[in-house]
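*Asks:* sequence plus predicted model, see below.
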Amino acid sequence: MSQTQPSQLSHLLAPAGLARDAREASAQGSAMRVDERRPEFVSGLPLEESESVQLGPGGAEYVSRRVLGRDVVLMAYNVAPELRVHSVPHEDWLILFMAMNPRAAFVINGRETRPWELTLAAGRDGYMTAGKDRRNLAVAVRKRRMAQACAALAGIGPEDVHLQDCVLLPEQDPDWRLRRALISAARPTGRASSPGEFPMPTAVENDLVSLLAAQLLPALRSVPDASPFRLDALRVVRAATALTKTDPAPSLAEMCAAAGVSQRWLHKCFADVLGIPPYRYVRLARLSKARERLLASDGDLRLVKTLSLSLGYRLSGRFAAEYRSVFGENPSTTLQGRTCA
């Protein structure tokens, strides 16, 4: 495998940066879609639920392109700030990710991935990602279709194919056939059916499924590369972060009780999976939810005061300062910008 392979594919990739993607979206109209809010970004995708928490400063604007088939959904997307995301696909779908930014760390289920690796998330609890400057491909495939394709290659019944979390390394695809096909499919040449959305030709979908099955089958037969600690840490973090949806904000003791661990172990698990302590995560999660409320509001300035009090800030100025440190603008600016839009 040549070390120059990624640069040889550069002409197939999405534009070089988020700002350039945004300009392309504006210039080409329907070629890209730009979403401020995560609910709009994930709308129509095969997900049961998806929530994000912004861990670093910046405006979380999603620039994406989707290609939709009957059993395959392919999405290329860019987003700049550091985010932690927990998503649960529909039970009959699986998700694969491929990071394409060699300068950005991208973590899936507590494991840092290399650029061009394909990571399969097939667990019933969904998957947790963390990273910034994301330039990713996400591929959703209907499980039944994937199991049938793997079974046909292996000469077994689909019921004997057990889809599980695994990693497909670039070295396992020496001609880069799969990666070339995915990147090419993510740059359709036809007309968009709606802004940023394109139909996937049946022949392209069939090729992608066949190539994926050929890569997946050997990986599914091997022992998963996951340490017991990392799996336990993920379960602890998921159980603890589920409480951030409640009011008032959970205490460390409540998070420990939900996860069934001590405070020391809770801190260790958060450090391993998310790289931040649990109390900071809770604060960022609630600030992220406040931003969602502001973006979805009708522009009533009283909402800023309401959110400030609900988050436990006695002074609106302190709330505004912490909000500004994460999102780069005051809550009132977010509110007014949404109203003007």
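*Replies:* It's in.
*Asks:* looking at this protein, which helix or strand is least sure?
*Replies:* helix 18-28 (a mean of 47; mean pLDDT, DSSP states H and E).
*Asks:* what element comes up after it heading to the C-terminus?
*Replies:* strand 33-35 (DSSP states H and E).
*Asks:* adjacent strands (with direction) for that next one?
*Replies:* In the sheet, strand 33-35 lines up against strand 62-68 (antiparallel) (DSSP bridges).
*Asks:* what lies in contact with the strand it pairs with?
*Replies:* 14, 18, 21-22, 25, 31-36, 38, 41, 44-45, 73-79, 185-188, 193, 196-200 (CB atoms under 8 Å, 6 or more residues apart in numbering). The way it works is simple: take the backbone N, C-alpha and C, and place the C-beta from them, glycine included.
*Asks:* which of those count as buried?
*Replies:* 14, 18, 21-22, 25, 31-36, 38, 41, 45, 73-79, 185-186, 188, 196-200 (16 or more other CB atoms under 10 Å).
*Asks:* count of neighbours near Leu301?
*Replies:* 12 (other CB atoms under 10 Å).
*Asks:* shift numbering so it begins at 33
*Replies:* With 33 as the first residue, the last one maps to Leu333.
*Asks:* for it, what are its contacts?
*Replies:* Leu333 neighbours (CB under 8 Å, 6+ apart): 364, 367.
*Asks:* also Ser294?
*Replies:* Counting by CB under 8 Å, 6+ apart, Ser294 has contacts Cys288.
*Asks:* helices of the stretch 33-182 of the chain, start to end?
*Replies:* 37-40, 50-60, 70-74, 175-186 (DSSP state H, counting those that start in this stretch).
*Asks:* cool, the stretch 233-373 of the chain as well?
*Replies:* Under DSSP H, counting those that start in this stretch, the stretch 233-373 of the chain gives helices at 234-253, 260-273, 284-291, 295-305, 310-327, 334-342, 348-359, 363-372.
*Asks:* among those, which is nearest Phe138?
*Replies:* helix 295-305 (13.6 Å; CB to CB).
*Asks:* so what touches the closest one?
*Replies:* Contacts for helix 295-305 (CB under 8 Å, 6+ apart): 139, 142, 160, 162, 261-262, 264-266, 268-269, 272, 284-285, 287-288, 291, 293, 308-310, 313.
*Asks:* which of those residues are buried?
*Replies:* 139, 142, 160, 162, 262, 265-266, 268-269, 272, 287-288, 291, 293, 308, 310, 313.
*Asks:* from Pro363, how far off is Leu343?
*Replies:* Leu343 is 11 Å from Pro363, where distance means CB to CB, to the nearest Å.
*Asks:* so what's the residue nearest to Arg325 when sequence neighbours are not counted up against?
*Replies:* Among residues not flanking Arg325 along the chain, Leu339 sits closest, at 6.2 Å (CB to CB, 6 or more residues apart in numbering). Contact analysis of Leu339 by CB under 8 Å, 6+ apart lists 322, 325-326, 351, 363.
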